[in-house]
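Participant: sequence below, structure please.
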Amino acid sequence: MLSIPIKVECYAGYKADEYPKYFYRNDKKFDITEISDRWYQGDVNPEWPVANYFKVRTACGGQHILKHEIENDSWYLVTQDEKEFPPLMGS
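Facilitator: Sure, this is the predicted structure:
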């Protein structure tokens, strides 16, 4: 699995970054139309950071998994195929 860093805009309700609304990759904005699942990775294994995962559908019909690492407030697109989201130039 690859974790590709992305920028995310979130809805902030009763807590900050409650759920993602948009994400950006390669200067392209992806509108999130549905969150079909979400789960939490706890701190049982210290090698894995505490994180929230979101399975989302975008307006263009894509289905993706987004990971939000809580401690460092970093977002990632989790994928098996980097061809779908090639690296940024200079990365």
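
Participant: which residue lies nearest the spatial centre of the protein?
Facilitator: Leu66 (2.3 Å; Cα atoms, centre = their mean).

Participant: how about the contacts made by that one?
Facilitator: Ile6, Val8, Pro20, Phe23, Tyr53, Phe54, Val56, Trp75, Tyr76, Leu77, Val78 (Cβ atoms under 8 Å, 6 or more residues apart in numbering). Backbone N, C-alpha and C define where each C-beta goes, glycine included.

Participant: so where's this structure shaky on pLDDT?
Facilitator: Within the chain, the segments meeting pLDDT under 70 span 81-91.

Participant: so the residue nearest to the centre of the chain is in which element?
Facilitator: For Leu66, the element it lies in under DSSP states H and E is strand 63-69.

Participant: quick one: buried residues of that strand?
Facilitator: His64, Ile65, Leu66, Lys67, His68, Glu69 (16 or more other Cβ atoms under 10 Å).

Participant: specify which member of the residues you listed is nearest to Asp37.
Facilitator: Using Cβ to Cβ, Ile65 comes nearest to Asp37 of these, at 8.8 Å.

Participant: residues contacting the closest one?
Facilitator: Residues in contact with Ile65, defined by Cβ under 8 Å, 6+ apart, are Tyr53, Phe54, Lys55, Val56, Leu77, Val78, Thr79.

Participant: one step back: parallel or antiparallel, list what pairs with the strand holding Leu66.
Facilitator: strand 51-58 (antiparallel), strand 74-79 (antiparallel) (DSSP bridges).

Participant: can you redo those as CSV with distance to Asp31?
Facilitator: Shown next, in CSV, are the strands paired with strand 63-69 (distance: least, Cβ to Cβ, whole Å):
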stretch, distance to Asp31
strand 51-58, 6
strand 74-79, 15
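
Participant: got these as TSV, with mean neighbour count and distance to Val44 columns?
Facilitator: Shown next, in TSV, are the strands paired with strand 63-69 (neighbours: other Cβ atoms under 10 Å; distance: least, Cβ to Cβ, whole Å):
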stretch	mean neighbour count	distance to Val44
strand 51-58	18	12
strand 74-79	18	19
